[in-house]
Each structure stands twice: as C-alpha cells, then as structure tokens.
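Q: give me the fold of what follows.
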Amino acid sequence: MTVPVSWYLLLAVMLFAIGAAGALTRRNGIAIFLSIELMLNAANLSLVAYGRVVAERTMDLASAHTAQIIVFFVLAVAAAEAAVGLALFIAVYRKRRTIDVDRLNLLRW
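A: Take a look at the predicted model:
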C-alpha cells in the first residue's frame, strides 16, 4: 500500500503555511530563520512528490532522478544558507547585543 501523492502535497502546503506564518509573526531573528528553513523543506517535499509522479506516469527513471538531484542541490544551498545566516546572527549579536528584528536598525549611522 502506497501513500497517495496528494498527501505529500498537502503536508508540503501545511509546512509552508506554518513557515510563512512563523516568518511573518516572529520578532526573533533565529525564529524567522528557522521558519524560512521550514518553507524550504516544504518546497523540497513537493519536488520529491513531483519526481515520484513523473516516475510513475512515464516510467522514466531519469526524470525521477532529475527531481531528486534538484532536491539535493536545494538541500546543499539550504545548508550553506544556514551557515552564513547563523554567522550573520552571531556578528549582529556581538555588535548590537540583540537579535530582535524590531530593535535592529543596521542602516542607521
């Protein structure tokens, strides 16, 4: 028994909605950053579901592998983004002693 692809897409939509709500309502920089990561994972889940649908309908494994390779590159970019983002948060915290986005105004002299 296999899980229908629509369930994967429904889960991806729910994860993306939770991430979007978290990114729009949070004031802590790290919480916003984690919400954006959740939205990226939702996009990855939908790409995996796409690869599964293409593989089932066309019986072409190359298309399914293409979707999985795209997911791999998106995960690599997300890991690099996490490293750079956390480094920026550490630098901002050392300079301003806060990561509350309402209290940060980096464009001010």
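
Q: pull the longest helix from this protein.
A: Determined from DSSP state H, the single longest helix within the chain is helix 61-96.

Q: Asp102 in helix, strand or coil?
A: Per DSSP: H, G, I helix; E, B strand; the rest coil, the local secondary structure of Asp102 is coil.

Q: skipping adjacent residues, who's closest to it in space?
A: Arg27 (5.3 Å; C-beta to C-beta, 6 or more residues apart in numbering). All C-beta atoms are positioned from the backbone trio N, CA, C, and that covers glycine.

Q: which ones are touching the spatially most central residue of the chain?
A: Centroid check for the chain by C-alpha atoms, centre = their mean gives Leu40 as the closest residue, at 1.7 Å. The contact partners of Leu40, taken as C-beta atoms under 8 Å, 6 or more residues apart in numbering, are 74, 78.

Q: try it again with 6 Å
A: Ala78 (C-beta atoms under 6 Å, 6 or more residues apart in numbering).

Q: check what pLDDT Gly85 gets.
A: Residue-level confidence at Gly85 comes out at 81, pLDDT.

Q: and what of Met1?
A: You'll see Met1 listed with a pLDDT of 66.

Q: in the helix or strand containing Leu47, which residues are buried?
A: Here Leu47 sits within helix 29-58, counting by DSSP states H and E. Buried positions in helix 29-58, judged by neighbour count with 16 or more other C-beta atoms under 10 Å: 29, 32-55.

Q: shaky segments in the chain?
A: Where the chain drops to pLDDT under 70, the residues are 1, 60-61, 63-64, 103-109.

Q: the helix holding Leu47 vs helix 61-96, what angle?
A: Helix 29-58 and helix 61-96 meet at an angle of 180 degrees, taking axes from the mean of the first three to the mean of the last three C-alpha atoms, to 10 degrees as the criterion.
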